[in-house]
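1. My questions are about this predicted structure, shown below with the sequence.
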Amino acid sequence: MLFLKTLYEMSWIIVTLKPNQSQKAEENLVKQGFKTFFPKITYSFQGKSITKDLFPGYAFIYFTLWEKLVSINSTKGISRVMSINHMIPQLSDSVIEKIKKQLNDLNSRFLYQEPFKKNDMVTIKLKLFKHQEAEVLEVSNKQNTQKVLIKILNSTQTFWLDSKDLDLYSGI
């Protein structure tokens, strides 16, 4: 929840960043002793791990002294401190913690999933075979998918499946 506090309380403020200056701004703020939060998301694309800003052009700074507002505005990589109707919106610690928790959950979902191995027990997520258990008999990689030879209903079948369409069988 976004709300305004008195000017003497410690809280998080939002800054806008100059284009493609996220890393530089973060480095410069940390050098000045500011506590920062530059939310980033990590995902896999074509077998490579990619990290990008969750809110491109925006970051959060934990702010304690209003006298330092000028130094934030003049930091390389920072465009300006965000304000609405000449007031600086402030976020509580609980809001930032919620964002961090949701970001951790999101990142763990999008991180590269290890390929399945021979003899792994899996559950299929595709609609036709949803929740069907299967055994991986062979795996070979091709264009971000895995050729999975599975034994299903006592019959061996070959499917090209994306690893996101399979879950390791949990036995529950």
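-> That came in fine, so what should we check first?

2. all contacts plus neighbour counts: C-alpha atoms, from now on.
-> Will do.

3. Report all helices and strands that the longest helix seen in the chain contacts.
-> In the chain, ranked by residue count with DSSP state H as the criterion, the top helix is helix 93-110. Using 3 or more Cα pairs under 8 Å, 6 or more residues apart in numbering; DSSP states H and E as the contact test, the elements touching helix 93-110 are strand 11-17, strand 40-45.

4. tilt between the helix or strand just after the first one and strand 11-17?
-> Right, the one you point to is strand 11-17. Per DSSP states H and E, the first helix or strand lying C-terminal to strand 11-17 is helix 22-31. Angle, helix 22-31 to strand 11-17, by axes from the mean of the first three to the mean of the last three Cα atoms, to 10 degrees: 140 degrees.

5. Mind listing residues that contact helix 22-31?
-> 17, 35, 36, 38, 57, 72, 75, 76, 77, 78 (Cα atoms under 8 Å, 6 or more residues apart in numbering).

6. Against residue 135, how distant is residue 34?
-> Distance of residue 34 to residue 135, computed by Cα to Cα, to the nearest Å: 52 Å.

7. same deal with residue 24?
-> In this view, residue 24 and residue 135 are 49 Å apart by Cα to Cα.

8. Those two: which has the busier surroundings?
-> residue 135 (20 against 15; other Cα atoms under 10 Å).

9. Please verify my assumption that that one contacts residue 120.
-> Yes - Residue 135 is within contact range of residue 120, at 5.8 Å (criterion: Cα atoms under 8 Å).

10. quick one: which of the contacts of helix 22-31 is most hemmed in?
-> Counting by other Cα under 10 Å, top hit in the contacts of helix 22-31: residue 78 with 24 neighbours.

11. what bridges to the residue nearest the centre of the chain?
-> Against the mean C-alpha coordinate of the chain, by Cα atoms, centre = their mean, the closest residue is residue 41 at 2.8 Å. On the basis of DSSP bridges, residue 41 is bridged to residue 52.

12. Where in this protein is the helix or strand with the lowest mean pLDDT?
-> strand 145-152 (a mean of 63; mean pLDDT, DSSP states H and E).
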